[in-house]
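Asker: Next input, structure requested:
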Amino acid sequence: MQTTDIGIKEDGKVWHRKPTPSNSGIMVTVTRSAPANQSKTVRFLHVAFDTTGESFLAGDHHGNIYVFDISRNRFKLVQKTGQACTALAFNLRRTTEYLVALADCSVKCYDKDTKQLVSWMRGHEGAVSSLSVHSSGRYAITTSSDTAQLWDLDTFQRKRKLNVRQTVGIQKVFFLPLSNTILSCFNDDSIFAWESDTLFCKYQLPVPQEGPRVHYKAFAVTQDGKTLAAGGRCNLLHLWCLDSRQLLRVVQMPPKVRTVRHLEFLPDSFDGGSSQILGVLSQDGIMRFINIHTCKQIFHIGSYDDAITSAAICPKGRHIVTVMDSGALNIYNVQCLTQDINKPPQPLVKLVTNSKNSGNSCLKVKVHSGAVQRPAKTSGRRVPARVLRPPAVSTVDDKENELPAGLNKKRLQALLRTFGEYPAKYRMFIWRSLLHLPENHASFSSLSDKGLHSAYLTLHDRYPIKSHKLQRGLQRVLSALAHWSAIFGETEYLPLVAFPFVKLFQNNPLICFEVVATVIVNWCQHWFEYFPNPPLNVLSMAENVLAHHDKELLQHLIDCGITSQLYVWPLLETLFSEVLTRDEWLKLFDNVFSNHPSFLLMAVVAYVICCRAPLLLCSRKEDFEYFFHHRNNLDISALLKETYRLMESTPADFHPSSMLSDFEPLTEGQYPVFNKYPTFVVEYQSQERERIRQQEMEYLREKQALQELRSEAVRQQAEDEAWYKQQELLQQAEEQRRRILQEEENKLTEQRARLAAMKRELKVKELNLIDAARRRFLTHQQEQRRTELSKLDAEIQRKMAQREQETAAAVQDIEIRQMELDAQRRLFEQQLAKEQERVTQETRAEVETRQRRAEVEESAFHDLIQTDADLGLETTRVLGASLAEAGQLDLDADWQTEVMRRLDRADAEQVRRQQRLAELSRETRAKEEELVQLMGRVEGKQWEDIIAKKAQLEEERQAAATADNHRKTLVSQEIDEKGQHQNKLRRSQEESLNNQWERKLRSPCSARGFLQKPEHESSETSNICLNNQSTSDDSTTFSLDRCRTELDRKERELIQEVRELRQRLAAKARAAEYTPQSTSSR
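Answerer: The predicted structure is shown next:
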């Protein structure tokens, strides 16, 4: 079984090798895979045959309509509707047009050749379930669940519309074949017949009252329109006779059938339209074909695994196309499925009934796959059947006339005399019975196994036949005959004898062989006695009969020089196949096989006599040859009538039956020996043929050998010439190649030079781009660093401005304090001036008193005072100097104390400034660490340089740490130096004070000097101290300004060192970053 996937192809072959139907009868399976996914299949939905039965339409789920031509083995995509179809019709009057019912409830008419839309018919509100076309192809009926509409396909206008109540519903409305009657079937099992022209209701079929309700769903009508089959939701089938409008019988399907989905009759070319085989598709997906008369299941298609959803049968009954549950199409060969139909049918079991109420009485028959079952009458009344018994004693004639399968030759002859031919359906069966064919399968197989006979290997050259199947069948039959008897391999006209039987029995070679063998043994008696010449004795018999019945015609033939070999032998060697049509030939051989073997010879004479009028007009030999090798206007019935007349009126003296033996069938088991021919002639001829064949073979071998030698010599010479020529060409090619190679090398050198230049240019461009990128990157980094430095400078400026503001505020505080001190000093000076004035006055009074006392004592002790005057002056001088020094030291101590306080405040301010500088330094270090981390992340892209970069970063960190430590060391050294200097100052001051106090304490006149010091000298000392205090205050202010200036200078130097350190770190980072980039670019 072949499987064809049409996929997205729009045309092609249905099968790629000639199909050999399997036991299931499947010729080919057609599938269509989805374009996007090959594992999915696009389902076919409906199929419909055309009127010829050779082509059918198929619509799939995507709305594609295909035409499959079985006879031409082609398929073609004719339309893309874009939506799924619900019904198809392909039997319109214009054979290229077809109808498609679509899912949008519309019906469209397309042309398959032009692929154009012919018409669009709308009017249904529900989906169209069926399309029925009139036998003339002019009208169509579309049916949906609620309405049926009649359309004129010439104008595509709606003529009538059938509306029903929703409670009733329409099952199907369709035309009856070969009539103008429309059948409408409704959901209540009522069936009406209407006249299509007037829509007049002709009749209504009675609804069966007995038995279960069928619920009709499926309907089928025979081609003659006389029998209607209906089925539904049970396993019962109703067979109606539409002529008598009565229910013929009820057929009960097997229990496996629960619902009937589809019914269709299988047509037969020999039944005259009264189909006897009905296909029943049930819910299990199996379509069973039954004989509606014998109620025997003949065959079935489909299975439970591969179920059928719908089917269509060819109008000629040759093919069946089914839509499977998988979405594929199966094409069946009916001839393979119905091989048993040509076998003798089973005896028909009939039941004669004589019931008055024929409407209520029917026959109920069960369908079985085995023997035929007797129908059981449903009504209670039993009618006795008359049994015909054969007589107890049979005569010899009856025995002679008895045929196999219960047939009688005399009855067949009487039937033949009445109708002139046998029924076409039973002709093959009757022929097999008349010829007593033994059907020796083993003997025929042994003959067939010998293969093709050598005499018929080239049969197609002598007798070309268009059909390869028929050609092979003819070769097999002729080869089997040649193997059976040697003469048949030498007989030239044997293909002409066997061809009509091969064409008739081409599907059964055994029957064909035995029929031809029987014809040769019985109807070709004495044909081979004069081999290889025509049978002169047989021709003489025919000429004697013609001389007896029509001497004038015979004399005319003699006068024209026409012998029996020209007017008898052409008819015999072709068995009338050249001068008769198929039906005429079958009719003739119905009579030939039913009569004595001499009937064929009499038929030849009768043919000549029946054609005497045109023959008498012929005078040339060519005219006679043409006449007996071509068909003529002859009534076959008149020929048969004349033949029977000759059989009866010919005298027994020269009647062919007296010289021809009676019919002898072939023997069973083994075929008889056929040697009624001159064996020596045949053997000699066969030997001569074999000798000639051997000589021909030897000649052919020698010729072939000579041809081979000649061809070898020619080939050798050609090879030599070709070799020399090739050598020349090779030399020329070599030189040319060398030139080309040199040119290519030069071109290659130039190209390399250009390529090197281009590489250099590209390298320069690359370096320029890298340099530009590096510059842009460096510029970007510089901008970022400049921005950060500007931010840092702004921050430092802000801090410096804040510090200057704080310093200015401190200076203002100091100035205010200085002003307060000045005010206090002036107030203290005023108080001192007042106290000095008072002390001066008191001192003057005491001095005056002491002067008066001294004057008194001087006068008394003039000499003593004179003695001690020098010592008193020196003591007074020392005490004055000591007092002046003590006052100065006291003033110096106060000045130093004030200076220390101010220095402490300056130191505290400096410590605060250093703390702020330390904070700025920490922020700078944090940003430097962020910069280093960012550089580390950038550098992390090159894993090979990680260690070197980390080492470099560590060095940079160590350098930064070293710089920080150096800066911290400088600051700490500066702080230590300042502290040491301050401590030195304090220690020097303390030491000077201590020394002063020690000197004061060690001085022996200190107490006495303080007590004996004059008051005017003290006041002078006090004035000196105040003046000295003013001078010291100015020096203190100057020292503070100088310290502030020095601190500002050191701070600027420290900031400049930080900036230089940052620039060095940034330069190192840029150099380290540029090195990996240049490495990666290389």
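
Asker: Show me what counts as buried in stretch 541-551.
Answerer: By 16 or more other Cβ atoms under 10 Å, the buried positions in stretch 541-551 come out as M541, A542, E543, N544, V545, L546, H548, H549, D550. Placement of C-beta: from N, CA and C, glycine included.

Asker: ok, those vs E735, which is closest?
Answerer: Each of the buried residues of stretch 541-551 was scored against E735 by Cβ to Cβ, and A542 proved nearest at 88.1 Å.

Asker: Look at H238 and tell me its secondary structure.
Answerer: The assignment at H238 comes out as strand when based on DSSP: H, G, I helix; E, B strand; the rest coil.

Asker: got the contact list for it?
Answerer: Neighbour list for H238: P208, V214, Y216, A229, A230, G231, L247, V250 [criterion: Cβ atoms under 8 Å, 6 or more residues apart in numbering].

Asker: Mind checking what secondary structure the fifth one has?
Answerer: Three-state assignment for A230 (three-state DSSP): strand.

Asker: pLDDT at W240, what is it?
Answerer: On pLDDT, W240 comes in at 90.

Asker: Now do the residue sitting nearest the centre point of the chain against E10, distance only.
Answerer: The centroid of the chain falls nearest to N37 when counting by Cα atoms, centre = their mean (2.5 Å). Distance, N37 to E10, by Cβ to Cβ, to the nearest Å: 20 Å.

Asker: can you count the residues close to A757?
Answerer: A757 is flanked by 10 other residues according to other Cβ atoms under 10 Å.

Asker: try V911
Answerer: V911: 11 surrounding residues under other Cβ under 10 Å.

Asker: L102 now?
Answerer: Close neighbours of L102, defined as other Cβ under 10 Å, add up to 20.

Asker: quick one: secondary structure of the closest residue to it other than its chain neighbours?
Answerer: The shortest distance from L102 to any non-neighbouring residue, by Cβ to Cβ, 6 or more residues apart in numbering, is to Q83 (5.3 Å). Under three-state DSSP, Q83 falls in the coil class.

Asker: Test my guess that Q83 contacts C105.
Answerer: No - at 10.7 Å, Q83 does not count as touching C105 under the criterion of Cβ atoms under 8 Å.

Asker: Wasn't D284 part of a strand?
Answerer: No - using three-state DSSP, the secondary structure at D284 is coil, not a strand.

Asker: State the distance from it to A229.
Answerer: 19 Å.

Asker: Mind jotting down where the helices sit in the stretch 201-350 of the chain?
Answerer: Secondary structure of the stretch 201-350 of the chain (DSSP state H, counting those that start in this stretch): helices located at 334-337.

Asker: An error on my part: the question was meant for the stretch 501-650 of the chain.
Answerer: Secondary structure of the stretch 501-650 of the chain, counting by DSSP H, counting those that start in this stretch: helices at 509-523, 536-549, 551-559, 564-567, 569-574, 582-593, 598-610, 612-617, 621-627, 636-649.

Asker: winner for burial among the ones you listed?
Answerer: helix 598-610 (a mean of 24; mean count of other Cβ atoms under 10 Å).

Asker: Run the chain-centre distance for it.
Answerer: 70 Å (Cα atoms, centre = their mean, to the nearest Å).

Asker: contacting residues around it?
Answerer: Residues from elsewhere that reach helix 598-610 (Cβ under 8 Å, 6+ apart): 523, 538, 541-542, 545-546, 549-550, 553, 567-568, 571-572, 575-576, 579, 588, 591-592, 615, 634-635, 638-640, 642-643, 645-647, 650, 655-657, 660.

Asker: run the last query once more with 6 Å
Answerer: Under the criterion Cβ atoms under 6 Å, 6 or more residues apart in numbering, residues 523, 542, 545-546, 550, 567-568, 571, 592, 634, 638-639, 642-643, 646-647, 656-657, 660 lie in contact with helix 598-610.

Asker: Repeat that for stretch 40-53.
Answerer: The contact list for stretch 40-53, computed with Cβ under 6 Å, 6+ apart, reads 31-34, 56-62, 85, 88-91, 312, 314-316, 321, 323, 327, 329.

Asker: In strands, which of these appear?
Answerer: Using DSSP state E, the subset of the contacts of stretch 40-53 located in strands is 31, 56-60, 85, 88-89, 312, 321, 323, 329.

Asker: Where does the prediction get shaky in the stretch 101-250 of the chain?
Answerer: Filtered on pLDDT under 70, the stretch 101-250 of the chain yields the residue ranges 165-167.
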